[in-house]
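> Got a predicted structure here, sequence first:
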Amino acid sequence: MWDILLMIGCVLAVILCWFMLYDGTRFVIRRYVIKSPKIAASYRAVVLADLHNKKYGKNNQLLLQAIEEQKPDAIWIAGDILTARPGKSLEPATELLQSLAEKYPIYYANGNHEHRIKLYPETYGDMAKQYAEALEELAIQPLVNANMELPDLNMVVYGAEIDREYYRRFVIPHMEESYLTEILGKPDEAKFNVLLAHNPDYFPVYAEWGADLVLSGHVHGGMVRIPGWKGVVSPNVRFFPKYDGGKFEEGKSTMILSRGLGMHTIPVRLFNPGELIVIEIEKEQER
């Protein structure tokens, strides 16, 4: 009896390991359509989040090819293209961005990893300086609590870089509703306001602030997913996080939460392949 159970356990372990290897080396494309009467013209964006220096094929050719096939008007980045680790190479991130910048406008909001290398130079040395210089050479200006207006679309793209306090493990620290107004200003309600905000935990606050569309990442889809249900654990070590991946609604606001493209520290993706998001924004006729 025990021999049979041991054999079954070994078979299951091999199957799970195979799925982890498989999901750790592939990505899927997921599409969302967002409609709003505020939009002046149709617009297509590819959303990247949590790449963490991952390469799909040599020089990320598989990822670049998939992006090109979507024919996007722009690239929206919801943070953590690199991994904050002392001595870690920046080349996977900068090489990908160089290839993208040659073809598309890029709207880049920092994640906690880009933020961390700026906050702790005693740990990360001059990584932040090197990365900033590389982005400047590519004419990429990260939206660090700043915005970019797209008047032809009646759209404004904001990038939020919230304090490290809001990335604490195990708990979700309270965020005052006034906090976003303090760091971003108040959005124009007549315009379609896109907020690139890496941490999805504060979606209700983002919605109250006035975001029509929120793009987030950080949770990696829960790393391990229970098929047909939820992600198991977030990088902040919270089990079965409310926001784990997909589309969420709060009042008049929509959040598209990427399950990310890479991994770090705990290199696990199970029933949870990387995710490349394509968003179609279309004008909706007012009733």
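Noted; the coordinates are in hand. Residues are numbered from 1 along each chain as shown.
> For the rest of this, base every contact and every neighbour count on C-alpha atoms.
Noted.
> What score does the closest residue to Lys71 other than its chain neighbours have for pLDDT?
Spatial nearest neighbour of Lys71, excluding adjacent residues (CA to CA, 6 or more residues apart in numbering): Arg44 at 7.9 Å. You'll see Arg44 listed with a pLDDT of 98.
> May I have the beta-bridge partners of Arg44?
Counting by DSSP bridges, Arg44 is bridged to Glu280.
> And for Leu97, the neighbour number?
For Leu97, the neighbour count with other CA atoms under 10 Å is 19.
> In contact with the residue nearest to Phe27 when sequence neighbours are not counted, which residues?
Nearest in space to Phe27, with sequence neighbours left out and distances taken as CA to CA, 6+ apart, is Gly274 at 4.0 Å. By CA atoms under 8 Å, 6 or more residues apart in numbering, the contact list for Gly274 reads Asp23, Gly24, Thr25, Arg26, Phe27, Val28, Arg259, Gly260, Leu261, Gly262.
> of all these, which two lie farthest apart?
Greatest spacing in those, by CA to CA: Thr25 and Arg259 (14.2 Å).
> Neighbour count for these two, which is higher?
Arg259 (27 against 16).
> Would you confirm that that one contacts Lys247?
No - judged on CA atoms under 8 Å, Arg259 makes no contact with Lys247 at a distance of 11.0 Å.
> A strand includes Asn193, no?
Yes - per DSSP: H, G, I helix; E, B strand; the rest coil, Asn193 lies within a strand segment.
> separation between it and Asn147?
10 Å (CA to CA, to the nearest Å).
> can you list residues touching both of these two?
Shared contacts of Asn193 and Asn147, counting by CA under 8 Å, 6+ apart, come down to Val156, Val157, Tyr158.
> Now do the SS call for the second one.
Same thing as Val157. With three-state DSSP as the criterion, Val157 reads strand.
> mind checking how far the residue nearest to Phe27 is from Ile117?
The separation that Gly274 has from Ile117, given CA to CA, amounts to 24 Å.
> and what of Tyr166?
Computed as CA to CA, the Tyr166 to Ile117 distance reads 16 Å.
> neighbour-wise, which of the two wins?
Neighbour count, other CA under 10 Å: between Tyr166 and Ile117, Ile117 has more, with 22 against 16.
> Point out the other helices and strands that the helix or strand encompassing the more buried one packs with.
Per DSSP states H and E, Ile117 falls inside helix 112-119. Applying 3 or more CA pairs under 8 Å, 6 or more residues apart in numbering; DSSP states H and E, we find helix 112-119 packed against helix 127-137.
> got the CA positions of the helix it packs on in CSV?
Provided in CSV are the C-alpha atoms of helix 127-137 (Å, rounded to 0.1, in the frame of the first residue of the first chain):
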residue,chain,number,x,y,z
MET,A,127,22.6,50.6,-10.6
ALA,A,128,20.0,53.3,-10.5
LYS,A,129,22.3,55.8,-12.1
GLN,A,130,23.3,53.4,-14.9
TYR,A,131,19.7,52.5,-15.6
ALA,A,132,18.6,56.2,-15.7
GLU,A,133,21.4,57.0,-18.1
ALA,A,134,20.5,54.0,-20.3
LEU,A,135,16.8,55.1,-20.4
GLU,A,136,17.8,58.7,-21.2
GLU,A,137,19.9,57.5,-24.2
